[in-house]
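Student: fold the following and give me the result.
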Amino acid sequence: MELIENEKFENIDFQIDGFKTGEFENCSFLNCNFHGVDISNSIFVDSEFMDCNLSLIKTHKVVSKLKSIQFHHSSLKEVDFTHTDLSSSIFSHCDFLNAVFENTNLEKADLLTSFHYNIDINKNRLKKSRHSTEGVLGLLSELELIIE
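Tutor: Numbers count the residues shown, from 1 in each chain. This next block holds a predicted model:
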């Protein structure tokens with residue numbers, strides 16, 4: 001696997017241009033389109049995604065490979081994070097509409113300003129993760145509570 005270090009990727013449409021699998025260390029992705037792209041065999045270390053569309057990315061086999069990543073103003077709609085380690089990651093103003101979280105490690109993750117997520121607290125690890133008051137409702141949806 002090719003090691004790619006300290007690179008800045010800007011305004012790239014990986015859906016059209018294709019995505020090359022690799023180990024990305026300390027890389028920045030700015031205003032890039034990953035919609036539907038398979039990143040399963042790639043590793044991201046100390047990298048950042050800003051204003052990116054990551055909707056419907058394929059992450060199976062990515063277990064433990066998205067830890068401590070920063071996502072800012074990015075779309076993560078319908079992403080399947082099953083068995084993914086997202087611990088200590090930062091999700092700033094990210095949209096998780098219809099994203100799937102099952103056996104996902106979100107310990108110490110910061111979702112304070114993110115929205116549209118539904119995470120089953122019984123099927124995921126959430127210890128010391130950060131959420132807004134509104135975001136907490138996305139943690140309670142599976143409990144079928146009546147909140148007035």
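Student: need the nearest residue in space to residue 111, chain neighbours excluded.
Tutor: Counting by C-beta to C-beta, 6 or more residues apart in numbering, the nearest residue to residue 111 once its immediate chain neighbours are dropped is residue 91, at 5.0 Å. For every residue, glycine as well, the C-beta is placed using N, CA and C.
Student: for the one you found, grab the count of nearby residues.
Tutor: By other C-beta atoms under 10 Å, the residues close to residue 91 number 26.
Student: again with the one 4 residues further on
Tutor: Applying other C-beta under 10 Å, we find 19 residues neighbouring residue 95.
Student: against residue 54, how distant is it?
Tutor: The gap separating residue 95 from residue 54 is 10 Å, by C-beta to C-beta, to the nearest Å.
Student: tell me, what's touching these two both at once?
Tutor: Each of 74, 75, 76 lies in contact with both residue 95 and residue 54 under the rule C-beta atoms under 8 Å, 6 or more residues apart in numbering.
Student: the nearest residue to the first one once chain neighbours are set aside: neighbouring residues, count only.
Tutor: Same thing as residue 74. The spatial neighbour of residue 74 that comes closest, neighbours along the chain excluded (C-beta to C-beta, 6+ apart), is residue 52 at 4.6 Å. Residue neighbour count, defined by other C-beta under 10 Å, stands at 25 for residue 52.
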